[in-house]
Structure formats: structure tokens, C-alpha cells
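*Asks:* Sharing a model prediction with you, sequence too.
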Amino acid sequence: MGMSAWKRAGVCVAAVTVVAGVAGCQAGDGGARDKAAEPKVLSRSEAAEVLQAAFKKTTEAKSAKVRMTMSMPSGMQGMGDMVGMAGDGTMEMTGVQGWDPAVMDMTIKGSGFAGTGPDAPSEIRMIMLDNIMYADMGAEQAAEMDGKRWMKLDFQAMAEESGSKELQKQMTGSLESMNQDPAQQLALLLESPNLKHVGPQKIDGVQAQHYKGTLTFEEIIKGNESFDFLSEKERKELVADAERSGVKGYDTEVWVNEDDYPVKMVLGMESDEGTVDITTHYSDYGAQAEVEAPPAKDTVDLFEMLQGFEEGLTGIGADA
């Protein structure tokens, strides 16, 4: 495989990191406030009842179409480097997400890929099935890989092969983050001590009720199941790291339609460098999420490639 294909592989890994980072966070434009009437503003307990009903309906739906946008200020270039994004960049994800079982078929594009270098793609299609990610590397790169344009990224297998318990725990957490569904985000918002009902707004042409709340990083970890693999000591270290990096908290919002489904979720992550904004729109709840893995004949396994590369280096060392 040529050097440009190896670079594209790195971009695909970065794209997976983006998916893992934002799939567990839901966050955009406020929509138009309905001023035709003066609706009753619900109390916290009443708002919690509505979100609990939405949680139940969303859990049972098991799938939805998704449109997500993530933007990052230039002051957070360090974080951008970590996820393969350019500071002051934008990433857009569109496609379908299913839960129970967890599946995903998303196309990722945007200026954020500029942070990965001059050969960065304009977009990457990502498929997740059975906790394995597949990335479409494009026709150009397929020419360097015997016509195989899909890269298989089985991070769990890589972690298990390494024998590192720490790496296995990290990958378990990342996969659980990618598996997060809107129902889990509702559960997180219900943990907010200052949950409140804002009022009615039209979102994507439908009437919805707007709710919001604020969570500290510590509260996010406590209420998010994807952090259950961490020990108490590791949780404390994670909170301390967030505090040192200037992460102040999360402003979380949700708009629930008249059928008790969330149609938009918003998260703003505040820090000393600026705010990361994530906006997610949902539609077509309950539509069957028909996600299929690419044909094996069109797929190259990154794990096997890395093993072959390592064996090649070992052979060169032995010859020397």
C-alpha cells in the first residue's frame, strides 16, 4: 500500500475518533419561538415527566435518521489535533443510526478535515456494525489496495491482541460512546439539577417543546453509562484533567415534538478556549435501519495491515 493510502488510513482513524467523541454528546440554532400564545411553562417535575415519556418512546423506536454538526473555535486547536479536526473547523454527519442493536451509516464531511493535511478527503462514509467500523477510503485509494476501497477498523480486536488491559478498557469506552442513542442523552439531561422547560418552538417545520439544563463534567461522567468501565480513581483523574484543561461544563438542550420524540438536541461544551457546539437533528423514528457491512472482497483489514507491517519490520531487523 502506498504512502498516500497510509495517510488516508490515518484520516479514517481520526474520523472514527470524531464519531466516538460526538456520538455521546448531543448539541445548534435555537429555532423560531412560537409567540402566538403564552403557553404554560412546566415546573421541573413536570418537565422531567415529559422527558421520561420521551425516553421511553425513543428507547422503543430503536432507530432514526440523523443530521449532526460540530463546530470548534480556533482557540481549541489542541483538542482539534487530537480528533483530526482543524481548529475553527466544522464537521457534518448525516445518515441513519440504530440502537438495540447498535448500528450506524454516516457520511462525515466539512472543513474540519483540513487539519489532517493536504491530502484530506472532502468526505468519508463510516459504517458501524457489530462494534466494527468500516471507512470508505474512495476510488483513488482503492487503486493502491487491489481495488479495495473499504477499510475495516476492529479496534476491539486490536486492543485484545495487544494484551493491554488499559487499552481494552479505553476501546470499550469508545465503542460504548459510539453506540450512544438519543434516549441515553435524554437520561443525561434528566440528571441536570436545573432542568427547565423553556417553551414551544418550531423545529424543522414541526411544533416542539424546548427543555434545557446544565451539567458539570463530573455529572456527565456519573450519569453516562459509557464511563462505567472506569474505576473510581480513574473517574477522579478524568475530572481533574478536565478541570485543568479549562472545561467548565455542558449546556444541554432538547426539543421534543408532539409525539414525544426528540427532534433536536444541543450541547455546548464550555472551556477557557471557547465553546464546542454540537447540534443534532432527528427524524423518521422507528424506520428500519438497514445497515450492511461492505463485501469482504472490497474490504482491507487495518489490523491485519498493521500486523503485516510489523512483521516486515521484524524481518528487516533480523536480516540486519
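*Replies:* Cool, the structure landed.
*Asks:* only C-alpha atoms for contact and neighbour calcs from this point on.
*Replies:* OK.
*Asks:* ranges for the strands of the protein?
*Replies:* Under the criterion DSSP state E, the chain contains strands at 32-33, 63-71, 90-98, 103-109, 123-129, 132-136, 150-153, 196-203, 206-215, 249-257, 262-271, 274-283, 299-301.
*Asks:* looking at those strands, which is closest to residue 45?
*Replies:* strand 196-203 (8.9 Å; CA to CA).
*Asks:* and the closest one, what's its mean pLDDT?
*Replies:* The average pLDDT within strand 196-203 is 95.
*Asks:* Partner strands of it, with direction?
*Replies:* Using DSSP bridges, strand 196-203 pairs in its sheet with strand 32-33 (antiparallel), strand 206-215 (antiparallel).
*Asks:* which one of these has the lowest average pLDDT?
*Replies:* Among the strands paired with strand 196-203, strand 32-33 scores lowest, with a mean of 48.
*Asks:* Show me the helices in the stretch 1-150 of the chain, by range?
*Replies:* 3-23, 44-61, 77-83, 139-142 (DSSP state H, counting those that start in this stretch).
*Asks:* State the distance from the closest residue to residue 128 other than its chain neighbours to residue 159.
*Replies:* Setting aside the residues directly before and after it, residue 128 is nearest to residue 104 in space (CA to CA, 6 or more residues apart in numbering), at 4.8 Å. Distance of residue 104 to residue 159, given as CA to CA, to the nearest Å: 22 Å.
*Asks:* more neighbours, these two?
*Replies:* More crowded of residue 104 and residue 159, by other CA atoms under 10 Å: residue 104, with 26 against 18.
*Asks:* Test my guess that that one contacts residue 131.
*Replies:* No: using CA atoms under 8 Å, residue 104 makes no contact with residue 131, being 9.9 Å away.
*Asks:* Of the helices of the stretch 1-150 of the chain, which shows the lowest average pLDDT?
*Replies:* When I compare the helices of the stretch 1-150 of the chain, helix 77-83 is least confident, with a mean of 42.
*Asks:* Look up which residues are beta-bridged to the closest residue to residue 294 other than its chain neighbours.
*Replies:* Nearest residue to residue 294 in three dimensions, chain neighbours excluded: residue 150, at 7.1 Å (CA to CA, 6+ apart). Beta-bridge partners for residue 150, by DSSP bridges, are residue 136, residue 299.
*Asks:* Only alpha carbons, please: show stretch 190-210 as CSV.
*Replies:* The C-alpha coordinates for stretch 190-210 follow below in CSV (Å, rounded to 0.1, in the frame of the first residue of the first chain):
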residue,chain,number,x,y,z
LEU,A,190,-32.8,14.3,33.4
GLU,A,191,-29.7,14.3,35.7
SER,A,192,-29.4,18.1,35.5
PRO,A,193,-30.3,19.8,38.8
ASN,A,194,-31.5,22.9,36.9
LEU,A,195,-33.6,21.2,34.2
LYS,A,196,-36.3,23.6,33.0
HIS,A,197,-39.0,24.0,30.3
VAL,A,198,-38.3,26.9,28.0
GLY,A,199,-41.4,26.9,25.9
PRO,A,200,-42.7,26.0,22.4
GLN,A,201,-40.6,26.3,19.2
LYS,A,202,-40.9,25.1,15.7
ILE,A,203,-38.0,22.9,14.7
ASP,A,204,-37.7,21.6,11.1
GLY,A,205,-41.3,22.7,10.5
VAL,A,206,-42.8,20.8,13.4
GLN,A,207,-44.1,22.1,16.8
ALA,A,208,-41.9,21.1,19.7
GLN,A,209,-41.3,21.9,23.3
HIS,A,210,-37.8,23.2,24.4
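*Asks:* quick one: buried residues of it?
*Replies:* Neighbour counts over stretch 190-210 (16 or more other CA atoms under 10 Å) mark 190-192, 195-203, 207-210 as buried.
*Asks:* Likewise for stretch 145-164?
*Replies:* Buried-residue list, stretch 145-164, by 16+ other CA under 10 Å: 145, 147-156, 158-159.
*Asks:* where does the stretch 51-200 of the chain dip in pLDDT?
*Replies:* 73-89, 111-121, 162-180 (pLDDT under 70).
*Asks:* Try it again at 50.
*Replies:* 77-87 (pLDDT under 50).
*Asks:* how close does the residue nearest to residue 294 get to residue 297?
*Replies:* 9 Å.
*Asks:* With residue 303 instead?
*Replies:* Counting by CA to CA, the gap from residue 303 to residue 297 is 16 Å.
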